[in-house]
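**Student:** based on what follows, work out the 3D shape:
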Amino acid sequence: MTDKSQRRFFALLAMTLLGGCALLMPFQARQVDALQSRKPKFIFIFLADGAGITHLEITRMYNQLVYNEGLNITDRIFTEGSLGLMTTHSADRLVSDSAASATALANGCKAKNGWVGICADGSIPKSVLEIAKRRGMKIGLVTSAAVYDASPAAFSIHIHSRRLADEIVEAYLDYQPDLLMGGGRNRFLPKDRKEGRRKDYKDMIALFRNKGYAYVSTRQELMEVEGPKVLGLFSLADMGFEIDRDEGSEPSVFDMTQAAIRILQEGKGMGFVLFIENENIDTSAHLSDVAALIHEVREFDRAVGLAYEFYKKHPQETLILVTSDHETGGLALTGAARQIKFIGPVGRVLPSRESLKRIHSIRISIRRAARLLGRRPSSEDIDSLMAEHFKGFVLTAELREVLLKKKRLGPTFYSKATAAALGAMVAHNTQAYWIGRGHTNQPVFVGALGVGAERFRGYQDNTDFARHLFALLGEKRQQAEGSEQ
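**Tutor:** Here you go, the predicted model:
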């Protein structure tokens, strides 16, 4: 082949390759556009209130040791989908409360602590669930807290204080989610009723019934109820800890999620958005109760498993999101001195499988243990509690003194001295330690599986969570109102 022929050959080859790339590029672009334009028909938003990555990891290791199984969250959602981290600070504090953090997740803007669905600049955007409802999707709210608590409220209504429980309940009546389940019956009952805690004489349960809601208050009723609209109130205030739960009367987070999926998918229609929160992860962490916390995370994970099974049947239409609003307690397994007070060389003990086995031996929450002790326990009361519910655990003289005299353990353990002392006792015996009783500024996990999951990957602000959902719901919003990094 002559030099001239070679030049012609390579020129023709180059033109062919360029032509092929030109043809391929629009195809690839169309693929990307098609992927980004897909919108989920079924959205699950799981909120593990107060959970940090160590809460999940301790539970995962516990599950492996005790039950020879893992977690749906870590082994399925995180592993098969996308995994990211989110900041948690609020507009006015480096450490957020649940109202401000849930407002960021649901409305895409930074809020002040205590504000529900209202941005720090005073603007009131449409929340993720409001947008979904406007598009004809069914809406479900499930929580183990009182339904008027900050997190479920921030996803659906707007009010300047999370403390305005009566007003939040009335706002739900105006908003009319298809399904509302949790605790908090006391704020639905008028003030002249024995269990009523409202400031007025409104019977909110009757008003919901007038709007077409079926009302249930027990686990059995929940299993049998039919839609299209359901109000479930299973306790006067927050629902009980899983470790203490009366399975015959009160449903679990798993039970409520199972019923919610059944009710919301009736007739399919335009799909649904289902918000599921386990508030008791946060509550148990506030009480430094690692045993109760593990039971809560396990039950929450079982509920996530239900969504995963739903996803397997509808993989092209479903998005599962698992996240937290903030971390509570600063929990971690760590080495510690064998004695609180010592002289000379320090003897050190490290966490082991025995630590998890000791946690497994606890069959009562610290809150219930504190109630059994009462306000003025004697040494005999304490010995009886230890012998019955904390077998093999050692209570130091210092912590016994705290229980007897209600002493504070320190500046970060600022309330409920009895619970704090019992939590410290469990920590000393298991090496599952806490840095305090409050929220922390730790970033939180966000796991996503299904349609649009890739958007949640990476290190982002918690306002981005809502922004991604806005886009997936077709809401054209360049920048979420009031957001600030």
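**Student:** could you check the pLDDT of Lys476?
**Tutor:** As predicted, Lys476 sits at a pLDDT of 76.
**Student:** for the stretch 301-450 of the chain, which spans come out with low pLDDT?
**Tutor:** The stretch 301-450 of the chain contains residues with pLDDT under 70 at 338-347.
**Student:** just the strands in it please.
**Tutor:** Ranges of strands in the stretch 301-450 of the chain, per DSSP state E, counting those that start in this stretch, are 318-323, 327-328, 332-333, 336-337, 348-349, 432-433, 439-440, 444-450.
**Student:** in the first one, what counts as buried?
**Tutor:** By neighbour count, with 16 or more other CB atoms under 10 Å as the criterion, the buried positions of strand 318-323 are Thr318, Leu319, Ile320, Leu321, Val322, Thr323. Placement of C-beta: from N, CA and C, glycine included.
**Student:** who are the packing partners of it?
**Tutor:** Counting contacts by 3 or more CB pairs under 8 Å, 6 or more residues apart in numbering; DSSP states H and E, strand 318-323 packs against strand 42-48, helix 290-313, strand 444-450, helix 462-472.
**Student:** following the third one, which helix or strand comes up?
**Tutor:** On the C-terminal side of strand 444-450, the closest following helix or strand by DSSP states H and E is strand 458-460.
**Student:** contacts for that next one next, please.
**Tutor:** By CB atoms under 8 Å, 6 or more residues apart in numbering, the surrounding residues in contact with strand 458-460 are Gly84, Leu85, Met86, Thr87, Pro443, Val446.
**Student:** could you dump the residues you listed to a markdown table with neighbour count?
**Tutor:** A markdown table is the format used below for those (neighbours: other CB atoms under 10 Å):
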| residue | neighbour count |
| --- | --- |
| Gly84 | 22 |
| Leu85 | 16 |
| Met86 | 24 |
| Thr87 | 18 |
| Pro443 | 21 |
| Val446 | 25 |
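**Student:** possible to save those as CSV with distance to Arg135?
**Tutor:** Shown next, in CSV, are the contacts of strand 458-460 (distance: CB to CB, whole Å):
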residue, distance to Arg135
Gly84, 25
Leu85, 29
Met86, 25
Thr87, 29
Pro443, 31
Val446, 23
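**Student:** Tyr148 touches Gly183, doesn't it?
**Tutor:** No. Checked against CB atoms under 8 Å, the pair Tyr148 and Gly183 is beyond contact range at 9.3 Å.
**Student:** more neighbours: which of those two?
**Tutor:** Shown here are Tyr148 and Gly183; by other CB atoms under 10 Å, Tyr148 has more neighbours (29 against 24).
**Student:** what's around the closest residue to Phe445 other than its chain neighbours, how many residues?
**Tutor:** Leaving aside its sequence neighbours, Phe445 sits nearest to Ile53 (CB to CB, 6 or more residues apart in numbering; 5.5 Å). By other CB under 10 Å, 15 other residues sit near Ile53.
**Student:** pLDDT value on Ile53, please?
**Tutor:** Ile53 carries a pLDDT score of 97 in this model.
**Student:** and it, how far from Gly84?
**Tutor:** Counting by CB to CB, to the nearest Å, the separation of Ile53 from Gly84 is 12 Å.
**Student:** equivalent analysis for Ile276, please.
**Tutor:** 19 Å.
**Student:** now Leu469
**Tutor:** With CB to CB as the criterion, Leu469 and Gly84 are 14 Å apart.
**Student:** now swap in Glu454 and tell me
**Tutor:** Taken as CB to CB, the span from Glu454 to Gly84 is 10 Å.
**Student:** do Glu296 as well
**Tutor:** Distance of Glu296 to Gly84, computed by CB to CB: 23 Å.
**Student:** do Arg408 as well
**Tutor:** Distance from Arg408 to Gly84, by CB to CB: 38 Å.
**Student:** give me the common contacts of Ile53 and Gly84.
**Tutor:** Both Ile53 and Gly84 are contacted by Phe445, under the criterion CB under 8 Å, 6+ apart.
**Student:** for Leu47, the count of nearby residues, please.
**Tutor:** 29.
**Student:** that one contacts His326, correct?
**Tutor:** No. Counting by CB under 8 Å, His326 is not a contact partner of Leu47; they are 10.6 Å apart.
**Student:** contacting residues for Phe275?
**Tutor:** Counting by CB under 8 Å, 6+ apart, Phe275 makes contact with Ile45, Leu47, Leu129, Gly140, Leu141, Val142, Thr143, Pro152, Phe155.
**Student:** can you confirm it is in a strand?
**Tutor:** Yes. Phe275: assigned to a strand according to DSSP: H, G, I helix; E, B strand; the rest coil.
**Student:** which residues does it bridge with?
**Tutor:** Beta-bridge partners of Phe275, counted by DSSP bridges, are Ile45, Leu141.
**Student:** could you do Leu233 as well?
**Tutor:** Beta-bridge partners for Leu233, by DSSP bridges, are Gly182.
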